[in-house]
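Novice: Got a predicted model here, sequence first, then my questions.
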Amino acid sequence: AAAQAEAEGEPAAAIPYVQAAAQIELEQGRRQAAEDRLRDSALRLAAVPQAAPLHWTSALLAAQAVREDPSLLPHYEARLAEHAEKFASGAHAEEARFWLGRLRQQQGNFLGAAEAYKGIRGGDDAEAAARLEQATGYLAQCWQAELERREQASEPTGDVLLEAVTHFDELHQRTSDNAVLQPASRAAVLAAARLRLRYRSAEAATVERQLEAALAGDSGPDAWQTSARVLLVSARALQPDRRAEALAALRQITAAEPEELLLLLGRLEEVGQGASAEVRRSLAELQLAGTELLEPHRERLSAGNRIQLDMQAAAALTDAGRAAEALTRYERLAAAAPDNGEVQHRYAAALLAASTNKAALEQALAQWRLVLARSEPQTERWYAAKYAVASIHHRLGDSAEAAKMIRIAQTLYPELGGPVWKTKFTELLAECER
C-alpha cells in the first residue's frame, strides 16, 4: 500500500502504511527490519514533513539496540548524525545533535562533539531552552578539553580558541534579551570569560566590561552571580591598574561574610588552573591577600573550612613562586589532617614537584602510595596516584616496576579513567619500554 501511494504521487499517504508495517515487524521481534524500513522510507520520502518522525523512530530503535549490544554504538552515532543532517529543521533535530554531542564527548572526540553542540539554537519552549543551556556547558567542556590536549601535544590552539570565543560571544548576544533563553546566555558569557582569562589574559578589560554589563542587566541565580563575580574579580586582578579594586571587592565580601570569600578564593584557584605562569601569579597574589583578610575571622569558619583556607593559601604560595613556603604549609596541614584525602593528595603533589634528588623522590613515593591506598579505585585521585607512583618508579630507575603497574592497570581498567589519563599512561609506558 505504501509503494502504491508513492507510485500514485501521494508520498504523504504512504507514511501510515510504513508505520503500520514497522509496528508489525516490531511485534514479530524483528527490530532491525523495522528500523531499516523506517530509515529507508524516511530518506526516500524526505520531502514530506511526516518523514522526519519516521527517521527519528529508527534512531530510537538504534539506541535500544546499543543498550543490548554496545558494539553497535557506531551504528547509533551514524543514525544520529544522519538525522541532524537530513532533517535539520525537524522537531527532533536538536535532540539528535545533543545526543550526538554527548556520545562523541564521552568518546573523547571533542571537536566532533563541539560541532554537534554548536548546531543547537534553542527555542521558545522550556525543554528546548534547557537543552541549549546544557549544550552550552558541555560545549565549553569540549573546547577546554581540546585546548588542553593541544597544549600537551604542543599543537596550535589559536583556531580552536577563536572559534570558541566567537561562538560564545555570538550566543550571548543572540540570547541575552530572550527571557526563555537567558540561562544559555548566562552560561555563554561565563564560558567566554573563562577562556579569555586563561588563554588571552591581555583581554581582561574586555572580560570586565562584559561581566559588568551582564551582572547589571540580569539578576540571575545565586550560583551564576557568584561565578560571575569571581571572574570579574579575576579580570580586575589581571589588570595592574585595577588590582586595588579587586582587593577592595575582597575586603567588602570579608566584612559581610567570610564563608563567601572562602568560596570566592577557591574559584580564583580554579580560574588559574592551566593558565600561564603570569596569570597564575597575579591571581595567587590576590588569593594570598584574601587569605590574610580571612585570618582575623578564622574562628568564624568551620573546621573543614579552616582546612580549606590553609590549602588555598598553600596553593597560592605555589603559584606565586614560593614553593618552599608552600611545601612547609602542606607538611603542617598533612600532619594536622591525616584523614583528609584532598590534603594528603596536595601534599603528595607538592613533594613530587619539589623533588630534585633520590631522597626527595622516595619521600614523594611514600606519600603517593599512601594516597593510592586510601583512594577509591577508579576515581580521579586514584588514577593520579597510580600514575604518580609509576612515574616515580621510572624516575628512580625502576622502569620495569613502572611498566608492570601500567600493564596491570590496562588489563583491569582498559579505559584508564578516560582519554586524558589513558594517553598519559600510554606515553609513560612507552618511555619505560625504551
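Specialist: Looks like it came in fine.
Novice: in the stretch 201-350 of the chain, which ranges drop under the pLDDT threshold?
Specialist: For the stretch 201-350 of the chain, applying pLDDT under 70 flags the ranges 218, 253-257.
Novice: now the stretch 1-150 of the chain
Specialist: 1-11.
Novice: if you go through the stretch 51-200 of the chain in chain order, where are the helices?
Specialist: Using DSSP state H, counting those that start in this stretch, the helices assigned to the stretch 51-200 of the chain run over residues 51-68, 73-86, 93-106, 110-118, 126-152, 158-175, 182-199.
Novice: closest one to residue 376 among those?
Specialist: If you check each of the helices of the stretch 51-200 of the chain against residue 376 by Cβ to Cβ, helix 93-106 wins as the nearest, at 21.0 Å. From N, CA and C alone the C-beta is placed, and that goes for glycine too.
Novice: Now do the buried residues in that closest one.
Specialist: 93-105 (16 or more other Cβ atoms under 10 Å).
Novice: How about the most centrally placed residue in the chain: what's its closest non-neighbour residue?
Specialist: In the chain, the centroid-proximal residue (Cα atoms, centre = their mean) is residue 141; its distance is 3.3 Å. Nearest residue to residue 141, sequence neighbours excluded (Cβ to Cβ, 6 or more residues apart in numbering): residue 105, at 7.1 Å.
Novice: show me the contacts for the one you found.
Specialist: By Cβ atoms under 8 Å, 6 or more residues apart in numbering, the contact list for residue 105 reads 113, 138, 141, 142.
Novice: Next, format those residues as CSV and append distance to residue 57.
Specialist: As requested, those are exported to CSV (distance: Cβ to Cβ, whole Å):
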residue, distance to residue 57
113, 24
138, 25
141, 30
142, 28
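Novice: Determine which stretch of the helices of the stretch 51-200 of the chain is the most buried.
Specialist: helix 182-199 (a mean of 24; mean count of other Cβ atoms under 10 Å).
Novice: That one vs helix 126-152, what angle?
Specialist: Per axes from the mean of the first three to the mean of the last three Cα atoms, to 10 degrees, the angle that helix 182-199 makes with helix 126-152 is 10 degrees.
Novice: Would you mind listing the buried residues in stretch 388-408?
Specialist: 388-395, 399, 401-403, 405-406.
Novice: Name the residues that touch it?
Specialist: If you take Cβ under 8 Å, 6+ apart as the criterion, stretch 388-408 is touched by 348-349, 352, 358, 361-362, 364-365, 368-369, 371-372, 386, 425, 428-429, 431-433.
Novice: before we move on, what about stretch 342-359?
Specialist: With Cβ under 8 Å, 6+ apart, stretch 342-359 has contacts from 307, 311, 314-315, 318, 323-324, 326-327, 330-331, 333-334, 337-338, 360-361, 363-364, 367-368, 370-371, 374, 381, 384-385, 388, 392, 396.
Novice: One more pass at 6 Å, please.
Specialist: Contacts with stretch 342-359, where a contact means Cβ atoms under 6 Å, 6 or more residues apart in numbering, come from 323, 327, 330, 333-334, 337, 361, 363-364, 367-368, 371, 381.
Novice: chain center to it, what's the gap?
Specialist: Relative to its chain's centre, stretch 342-359 lies at 26 Å (Cα atoms, centre = their mean, to the nearest Å).
Novice: Of the helices of the stretch 51-200 of the chain, give the one that comes closest to residue 418.
Specialist: Of the helices of the stretch 51-200 of the chain, nearest to residue 418 by Cβ to Cβ is helix 93-106, at 8.7 Å.
Novice: For residue 205, grab the count of nearby residues.
Specialist: 14 (other Cβ atoms under 10 Å).
Novice: Around the residue lying closest to it once chain neighbours are set aside, how many other residues sit close by?
Specialist: Excluding the flanking residues, the one nearest residue 205 by Cβ to Cβ, 6+ apart is residue 239, at 6.1 Å. Using other Cβ under 10 Å, residue 239 has 17 neighbouring residues.
Novice: next one: the one 5 residues further on
Specialist: The burial metric for residue 244, expressed as a neighbour count using other Cβ under 10 Å, is 10.
Novice: Make residue 1 into 45 and carry on from there
Specialist: Will do, 45 is the new start, and the previous item becomes residue 288.
Novice: in which helix or strand would I find it?
Specialist: Secondary structure from DSSP states H and E places residue 288 in helix 287-300.
Novice: quick check, distance from that helix to the centre of its chain.
Specialist: 29 Å.
Novice: Would you tell me what the next helix or strand after it is?
Specialist: helix 302-316.
Novice: packing partners for that next one?
Specialist: Applying 3 or more Cβ pairs under 6 Å, 6 or more residues apart in numbering; DSSP states H and E, one finds that helix 302-316 contacts helix 266-281, helix 287-300, helix 321-338, helix 347-363.
Novice: Would you mind giving those helices as JSON lines with distance to residue 195 added?
Specialist: As requested, the helices and strands packed on helix 302-316 are exported to JSON lines (distance: least, Cβ to Cβ, whole Å):
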{"stretch": "helix 266-281", "distance to residue 195": "20"}
{"stretch": "helix 287-300", "distance to residue 195": "27"}
{"stretch": "helix 321-338", "distance to residue 195": "13"}
{"stretch": "helix 347-363", "distance to residue 195": "17"}
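Novice: That'll do, ta.
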